[in-house]
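*Asks:* Prediction below, plus the sequence it came from.
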Amino acid sequence: MAHIGKRLTAATKTIDRNKSYALADAVKLVKGNAKSKFDETVEISIGTGLDPRQNDQNLRGVVMLPHGTGKDVRVAVFAKGDKAEEARAAGAELVGAEDLADQIQAGQMDFDRVIATPDMMMVVGRLGKVLGPRGLMPNPKLGTVTPNVTEAIKAAKGGSIEFRAEKAGIVHAGVGKASFSEEQLAGNIRAFVDAITKAKPSGAKGNYIQKISLSSTMGPGLKLDITSLNESAA
């Protein structure tokens, strides 16, 4: 582990903790500091002024990243009959009904997204305690309870990611891989922040987006200059 510590120390020296970096500079630094043997995920953390315990300050939604996530997304679909066949044809890794629910209850959770047809919600509803805490519960507002299973599977595999504000009002997500080009990462970051801005809850008070930081899986974090997002989009 010592070499990881040394690498992180060296990477931290390239960053001024007190500075807010313009988007282009921030992406360049994060990519440059991602020196692991694996393809690190570039992560964004947005601090909001929200108190998610208040119903009118809940923030949750879904955004399509224009350049995808770079992650191989495994999809589980609750469907029967023709819809189950459609889900398999669209590339879902796991398809089933009560049998799939039993697998999940038994702790088999080898998937990243769960989609359900509306008629299966009685079965899925019983899994709330298992899927809910992991953020995997299908939800009509997020497009994961739908009769259009092909569309939903394509979106999940093509770069759609869900977001939600955690207890302290922080939104955290992976917005690509270190192997992405600077332009791809900048495009994904802009799309993600734009989605958060548009999803501003009715009860939001004061300064909504307070700070944004970027990092890679093993790299140090840096602050992003929020105003540079508007400039780069102009």
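*Replies:* Yep, that arrived.
*Asks:* Any figure for the gap between G91 and P133?
*Replies:* 27 Å (CB to CB, to the nearest Å). Placement of C-beta: from N, CA and C, glycine included.
*Asks:* More neighbours: which of those two?
*Replies:* The residue with more neighbours, out of G91 and P133, is G91; 13 against 9, by other CB atoms under 10 Å.
*Asks:* Does the more buried one touch I153 like I think?
*Replies:* Yes - using CB atoms under 8 Å, G91 is in contact with I153, at 6.0 Å.
*Asks:* Give me the common contacts of these two.
*Replies:* Residues touching both G91 and I153 (CB atoms under 8 Å, 6 or more residues apart in numbering): V75.
*Asks:* Quickly find the element holding S45.
*Replies:* Using DSSP states H and E, S45 falls within strand 41-48.
*Asks:* ok, now which ones touch the closest residue to R60 other than its chain neighbours?
*Replies:* Leaving out its chain neighbours, the residue that sits closest to R60 by CB to CB, 6 or more residues apart in numbering is R164, at 4.3 Å. By CB under 8 Å, 6+ apart, the contact set of R164 is P52, L59, R60, G61, G135, V171.
*Asks:* What subset of those is buried?
*Replies:* Among these, those scoring as buried are P52, L59, R60, V171 (criterion: 16 or more other CB atoms under 10 Å).
*Asks:* Among those residues, which are located in strands?
*Replies:* Counting by DSSP state E, the part of the buried ones among the contacts of R164 found in strands is R60, V171.
*Asks:* between the buried ones among the contacts of R164, which is nearest S228?
*Replies:* V171 (18.7 Å; CB to CB).
*Asks:* What residues are bridge-paired with that closest one?
*Replies:* I46 (DSSP bridges).
*Asks:* What are the boundaries of the strands in the protein?
*Replies:* Using DSSP E, strands in the chain cover 20-21, 41-48, 60-64, 75-78, 94-96, 113-116, 160-164, 170-177, 209-216, 222-224.
*Asks:* Find the residue closest to I44 in space, skipping its chain neighbours.
*Replies:* V175 is the one closest to I44 (CB to CB, 6+ apart), at 5.1 Å.
*Asks:* Please name every helix or strand in contact with the strand holding S45.
*Replies:* If you count contacts as 3 or more CB pairs under 8 Å, 6 or more residues apart in numbering; DSSP states H and E, strand 41-48 packs onto helix 23-32, strand 170-177, helix 182-198, strand 209-216.
*Asks:* want to throw the ones you listed into JSON lines with distance to T227 and mean pLDDT?
*Replies:* Shown next, in JSON lines, are those (distance: least, CB to CB, whole Å; pLDDT from 0 to 100):
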{"stretch": "helix 23-32", "distance to T227": "10", "mean pLDDT": "94"}
{"stretch": "strand 170-177", "distance to T227": "19", "mean pLDDT": "95"}
{"stretch": "helix 182-198", "distance to T227": "12", "mean pLDDT": "96"}
{"stretch": "strand 209-216", "distance to T227": "11", "mean pLDDT": "95"}
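*Asks:* need these in a markdown table with distance to T146, can you?
*Replies:* Below are the helices and strands packed on strand 41-48 laid out as a markdown table (distance: least, CB to CB, whole Å):
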| stretch | distance to T146 |
| --- | --- |
| helix 23-32 | 34 |
| strand 170-177 | 22 |
| helix 182-198 | 19 |
| strand 209-216 | 30 |
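*Asks:* I'm done for today, thanks for sticking with me.
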